[in-house]
Every structure is written in structure tokens, then in C-alpha cells.
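*Asks:* Any chance you can model this:
(one chain, ligands or ions: 1)
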Amino acid sequence: MSLTVVGSIAFDAVTTPFGSRERMLGGSAVHFSLASSFFTDVRVVGPVGDDFGPEEHAVLRARGVITDDIEHVPGGETFFWRGHYDYDLNTAHTDETRLNVFGDFSPKLSQDSRECDVLFLANIQPDLQREVREQCEGARFVALDSMNLWIETARDALLRTIETVDCVMLNDAEIRQLTRKPNLVQAARELRALGPRVVVAKQGEYGAALLTDEGFFGLPAFPLETVLDPTGAGDSFAGGFIGFLAAHGTDELDHETLCRAMAYGTAIASFNVEEFGTERVRRLTRDEIAARVSELHRITHFVDAPVSLRA
Ligand code: AMP
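*Replies:* Modelled structure (predicted):
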């Protein structure tokens, strides 16, 4: 099934306790599309400036990502994000956000992008997400990500956009912030009451949880000895999760299929954090993904056996 993503295409400056990069390719749509490219054709929608050159295009095209809907704004500069992480790699601290070409972005999708079966609204201003959602009327499965910035500055717009999607993927802290409910199970139920039937709570190094009307499923993050940069982990997770669903068809989206999608999201996100930015996922292979998914299966599976419990 065809997949379209709209989101940020960025240059990131990132410092973690393990190193830094002054300018690397990033952005929610970039991380998402590299991850989902292992499953299906993916089209990226978003604006870039004059500074986004052939080298950046080549990273996406090398993975078969369709870049026709990347809009070049003459004289503009690409979205720029500067952030850092302390030893708690679960929390990104934003030091600078330059919207640049995103300042006046009005999404114009080609016919091919509009006709997608599956749509991912990666993290951008929620009104822009809704504009795109309205252009993709025929999409059979639509998922959305967001961040604390929009919960704080555009909460009502975000809630209106959430009403139009099938799946919400947010960090657990963002879900609590958005619903103003401390309990994740209750908070997810409240989000589902708005319309989406699937809620995914991303929990950083602790993994991710799936909450649907059919039940709950949790997976830990893949245990790694080396984590250099968590930037893009959430989008890589989303790319693996949504890419898997797009490849398997969304007509019979039962709980079991969603659980398997969680494993692919977890596996690809784990590669993303091993190096800075897109460095690791660029050279990732399908055999490596398959091996990590089966290792994840092995370490999360246990055999229950009767034991006599004392009264
Ligand atoms: P995550 O997967 O949550 O780590 O997202 C990381 C990406 O989000 C980075 O590559 C940034 O370029 C991008 N980003 C940061 N702030 C924003 C923002 N306000 N809007 C859109 N994208 C952003």
C-alpha cells in the first residue's frame, strides 16, 4: 500500500554526552521515511531551502524514498533544530528552533501523494497536519505524531486534528500533558474517545505501549550497550510501525498485526540510536532488521508454568 508522510525536513545540531554534530540531516519526515522505506513506497511532503542539496536528496533516494513532493523554496533556508541531551537520553532539550521555510508552508500534495492508502502526519504544526489530512480523503489509515511545543501552543488545533485520524503516536509524557490525566490507560481511553482507535505511547529507553479497545501490549526497547544519539528514535519507530502496517494492508488491522508492527518499530528505532542522526539507518539492511526482530522476540517471550502459590 502506498504511504505518504508530511513532516519536518531539517538540519539538526545535536549534542549528547557522547559527542556532537553541528549540522546533520534530520527532521521527522526524514527519519520516518528512511525507516518505512524498508516496507513500501513512501512519498515525503515538506519544504526545504537552497541549502538542501543533492547530497541530502541522495540519502533519501538511496533508500528509494520518492522525493517529488519535497518543495524547494527559492531563497529560503531549511528548518533548523538545535538540541541537546544530558545523561537522561529520554529528554530532548530544545535550544533553538528556526522554522525558516516552514514559516509560510502551505502543503500542496501531488495527485500521487494525495491518493495514498496510508498517511503519516509527522510532527509539525497541527493545522498544517489537518490541511494534509483533508487533501488525502481516501487514506484508509492515518496516524499522527506531535510534541510538547504544539500541546502548549496549539492544543485545540491538535485535538481537532486528532479527531480526524486512526492512530495517535506520542511520548507517554506528551499523552499525559495533552489529556491532563496522569494514568496512561485512562489517558489513552480518553484519546480513543475522540476518534482514533489506536494509541501508541512511546516511552524512550523503556520501550513502547500499544493501547486499543482490544487490549494492551508493551515492548521494552531493544537492550543496547551503546546509544549515541536518540534524535529521531520516535520517528524511526513510527516509520517501522506504520511501514509494517502499510505493507500488510490495513483492512484487517487486528491486535496481533499491531503487536508485530510494534516489534518492527522497536527494532528500527534501536538501530537509529546507535549512531548520530541518520548515520546508522542509512546503511541498515533488511537482514539486520530481521535478526533484531527475532532477537527481540526471544528476549521478550517467557514460558509460564504452574507454581503452587501459598495462600
Ligand atoms: P524524535 O523522533 O522525536 O527524536 O524527533 C527528532 C526530529 O524532530 C529532529 O530531527 C528535529 O529536526 C525534529 N524537530 C524538532 N523540533 C521540531 C518542531 N518544532 N517541528 C517539527 N520537527 C521538529
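
*Asks:* closest point of the stretch 201-311 of the chain to the ligand, which residue?
*Replies:* Closest residue of the stretch 201-311 of the chain to the ligand, CB to the nearest ligand atom: Gly234 (3.3 Å). In this view, the C-beta of every residue, glycine as well, is placed from N, C-alpha and C.

*Asks:* if you skip the residues just before and after it, what's nearest to that residue?
*Replies:* Of all residues not flanking Gly234 in the chain, Lys202 sits nearest, at 5.2 Å (CB to CB, 6 or more residues apart in numbering).

*Asks:* Just to check, the one you found is in contact with Leu170?
*Replies:* Yes - Lys202 is within contact range of Leu170, at 6.9 Å (criterion: CB atoms under 8 Å).

*Asks:* Now do the helices in the stretch 101-250 of the chain.
*Replies:* 111-114, 126-135, 148-153, 155-162, 172-179, 184-193, 233-248 (DSSP state H, counting those that start in this stretch).

*Asks:* Would you tell me which one of the ones you listed is buried the most?
*Replies:* Among the helices of the stretch 101-250 of the chain, helix 233-248 has the highest mean neighbour count (mean count of other CB atoms under 10 Å), at a mean of 28.

*Asks:* Show me what that one is packed up against.
*Replies:* With contacts defined as 3 or more CB pairs under 8 Å, 6 or more residues apart in numbering; DSSP states H and E, helix 233-248 has these neighbours: strand 3-6, helix 28-36, strand 118-121, strand 141-144, strand 167-171, strand 198-202, helix 255-272.

*Asks:* would CSV of the ones you listed with mean pLDDT, mean neighbour count and distance to Gly218 be doable?
*Replies:* What follows is the helices and strands packed on helix 233-248, written out as CSV (pLDDT from 0 to 100; neighbours: other CB atoms under 10 Å; distance: least, CB to CB, whole Å):
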stretch, mean pLDDT, mean neighbour count, distance to Gly218
strand 3-6, 98, 30, 26
helix 28-36, 98, 31, 20
strand 118-121, 98, 30, 22
strand 141-144, 98, 23, 19
strand 167-171, 97, 26, 15
strand 198-202, 97, 25, 9
helix 255-272, 97, 22, 9
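
*Asks:* now those in TSV, with distance to the ligand?
*Replies:* Formatted as TSV, the helices and strands packed on helix 233-248 follow (distance: least, CB to the nearest ligand atom, whole Å):
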stretch	distance to the ligand
strand 3-6	11
helix 28-36	5
strand 118-121	11
strand 141-144	13
strand 167-171	8
strand 198-202	8
helix 255-272	8
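
*Asks:* Let me have the helices of the stretch 101-250 of the chain in a markdown table, extended by mean pLDDT.
*Replies:* A markdown table is the format used below for the helices of the stretch 101-250 of the chain (pLDDT from 0 to 100):
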| stretch | mean pLDDT |
| --- | --- |
| helix 111-114 | 96 |
| helix 126-135 | 96 |
| helix 148-153 | 95 |
| helix 155-162 | 98 |
| helix 172-179 | 96 |
| helix 184-193 | 97 |
| helix 233-248 | 97 |
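
*Asks:* returning to that earlier point: can you tell me who the residue nearest to Gly234 pairs with across the strands?
*Replies:* Beta bridges link Lys202 to Asn171, Ala208, judged by DSSP bridges.

*Asks:* could you redo the helices of the stretch 101-250 of the chain as CSV and give each row distance to His255?
*Replies:* Listed next are the helices of the stretch 101-250 of the chain as CSV, based on distance: least, CB to CB, whole Å:
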stretch, distance to His255
helix 111-114, 30
helix 126-135, 25
helix 148-153, 28
helix 155-162, 21
helix 172-179, 19
helix 184-193, 14
helix 233-248, 13
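
*Asks:* Please name the residues that touch the residue of the stretch 201-311 of the chain closest to the ligand.
*Replies:* Asp145, Met169, Asn171, Lys202, Ala269 (CB atoms under 8 Å, 6 or more residues apart in numbering).

*Asks:* The same query, at a cut-off of 10 Å, please.
*Replies:* Contact analysis of Gly234 by CB atoms under 10 Å, 6 or more residues apart in numbering lists 28, 31-32, 92, 122-123, 145, 147, 169-171, 174, 200, 202, 204, 208, 265, 269, 272.

*Asks:* With adjacent residues omitted, what lies nearest to the residue most central in space within the chain?
*Replies:* Compute the mean C-alpha point of the chain, and by CA atoms, centre = their mean the closest residue is Asp235, 2.6 Å away. Leaving aside its chain neighbours, Asp235 sits nearest to His31 (3.5 Å; criterion: CB to CB, 6+ apart).

*Asks:* Test my guess that the one you found contacts Glu279.
*Replies:* No - here His31 lies out of contact with Glu279, judged by CB atoms under 10 Å, at a distance of 11.7 Å.

*Asks:* Many thanks, we can stop here.
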